[in-house]
Structures are given as structure tokens and as C-alpha cells.
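Q: coords please:
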Amino acid sequence: QVQLVESGGGLVQAGGSLRLSCLTSGRTFSTYDMGWFRQAPGKGREFVSSISRSGGSTHYADSVKGRFTISRDNAKNTMYLQMNSLKPEDTAVYYCVGGLDAIQQGHYYYWGQGIQVTVSS
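A: Have a look, this model is predicted:
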């Protein structure tokens, strides 16, 4: 069973930075495409970013492009999301996601429990 555990969330002022981490259990992390989704209060889940299993390909939502950077360390079974120039509209619960060929299929089988990010104005 694969488990995804997020960390690094919290409260930050607008313009500040946070780095989210996602630690994945098991020895198959390097075979999974990974990504981040978020859900703001009263809204549906929204794609934020994805990274291929090798780390060679990344994608971002237009709303975070140029401010967020996704990366991964396959030796540590960990994925990261560096969030800079945070805005109040980035406030949401952020979910770590992963799965085999997830980017091509548009479907992530594994989800973390989510972590709160709050940006104050």
C-alpha cells in the first residue's frame, strides 16, 4: 500500500514563501508521476503542478506559473513544492498525488490526506 504524507504547510503573509514536502512510502516512488492539487473553501479541487517520474518534465497551472516550483528526490522518496510570492488566493488544502503514467492518463490513483496553506493579506 502506497501512502503519501504532506508536510510544510501553515500560515504565511502575502508575498511570503512556503515549501511543501510529500514523503511517499514504498520502493516504487521513482516509477510514479507525481503532482499537487489544491482545494480552496467552497471550490472544487484544482490542478496545481505535476512532475514526471524522472523529474524531467513539469507542468503548472497558469495561476501558479512563475511562482511555484515542483521537484522530486527519488533517492528520498520525496516530492517538493516551493511556493514563492504567495497570494491570499493560494489559500487552500494542498494534496500530494501520484500514480503510474498519471500525467498521460490524467488520473492520479494515490492521494495524501492534504495539508492546509493559509496566506493572509
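
Q: distance of residue 88 from residue 4?
A: Separation of residue 88 from residue 4 (Cβ to Cβ, to the nearest Å) stands at 26 Å. Using the backbone N, CA and C atoms, a C-beta is placed for each residue, glycine as well.

Q: contact partners for residue 18?
A: 8, 9, 10, 12, 83, 86, 117 (Cβ atoms under 8 Å, 6 or more residues apart in numbering).

Q: between residue 88 and residue 4, point out the one with more neighbours.
A: residue 4 (23 against 11; other Cβ atoms under 10 Å).

Q: quick one, what contacts the more buried one?
A: 22, 23, 24, 25, 96, 97, 98, 110, 111, 112.

Q: who's it bridged to?
A: Beta-bridge partners recorded for residue 4 (DSSP bridges): residue 24.

Q: tell me where this protein has helices.
A: Taking DSSP state H to define them, one finds helices in the chain at 102-105.

Q: could you list the low-pLDDT ranges of it?
A: By pLDDT under 70, the chain contains no weakly predicted segment.

Q: which residue ranges form the strands in it?
A: Listed in chain order, the strands of the chain (DSSP state E) span 4-7, 10-13, 18-24, 33-39, 45-51, 58-60, 68-73, 78-83, 92-99, 110-111, 115-120.

Q: may I see the buried residues of the last one?
A: Meaning strand 115-120. 115, 117, 119 (16 or more other Cβ atoms under 10 Å).

Q: surely the last one touches residue 90?
A: When you say that, I think you mean residue 119. Yes - proximity of residue 119 to residue 90 meets the contact threshold set by Cβ atoms under 8 Å, at 5.1 Å.

Q: alright, that wraps it up for me.
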